[in-house]
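# The amino acid sequence is not available; the structure is as follows:
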């Protein structure tokens with residue numbers, strides 16, 4: 001018997017594909033994602049990062065990359081004089 005979850009040619013998680021596209025658009029590495037929600041009816045994903053940014057992404061939307069601090073939450077070191 002074959003496992004129906006592993007049938008070739010079928011996508012198992014459409015939210016994962018949209019999440020990957022959103023990460024590329026916003027410049028977010030997946031390791032900095034605190035949580036995400038996929039809305040299949042609206043075909044959009046909401047992402048919350050470790051830096052506290054909450055963004056909504058729809059397929060094909062053009063967005064600007066987030067500031068690195070809003071992604072990973074680590075403030076830049078102060079420069080000494």
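Nice, I can see it. On a predicted model such as this, the values are computed, not experimentally measured, just so you know.

# What is the helix ranked longest in the chain packed up against?
If each helix of the chain is counted by residues according to DSSP state H, the longest one is helix 14-26. Helices and strands touching helix 14-26, by 3 or more C-beta pairs under 8 Å, 6 or more residues apart in numbering; DSSP states H and E, are strand 33-39, strand 44-49, strand 54-58. Placement of C-beta: from N, CA and C, glycine included.

# and if we set it to 6 Å?
Judged by 3 or more C-beta pairs under 6 Å, 6 or more residues apart in numbering; DSSP states H and E, helix 14-26 is in contact with strand 44-49.

# what angle sits between the strand it packs on and strand 33-39?
If you take axes from the mean of the first three to the mean of the last three C-alpha atoms, to 10 degrees, strand 44-49 sits at 170 degrees to strand 33-39.

# Just give the strands next to strand 44-49 in its sheet, each with its orientation.
Here strand 44-49 has these sheet partners by DSSP bridges: strand 33-39 (antiparallel), strand 54-58 (antiparallel).

# got the angle between the first one and helix 14-26?
Orientation of strand 33-39 against helix 14-26 (the same axes, to 10 degrees) gives an angle of 120 degrees.

# Please compute how far stretch 28-37 lies from its chain's middle.
Distance of stretch 28-37 from its chain centroid, counting by C-alpha atoms, centre = their mean, to the nearest Å, is 5 Å.

# just stretch 37-49 next, same as before
Chain-centre distance of stretch 37-49: 9 Å, with C-alpha atoms, centre = their mean.

# What's the end-to-end length of that stretch?
In stretch 37-49, first residue to last residue: 12 Å (C-alpha to C-alpha, to the nearest Å).

# Now do the buried residues in it.
38, 44-45, 47, 49 (16 or more other C-beta atoms under 10 Å).
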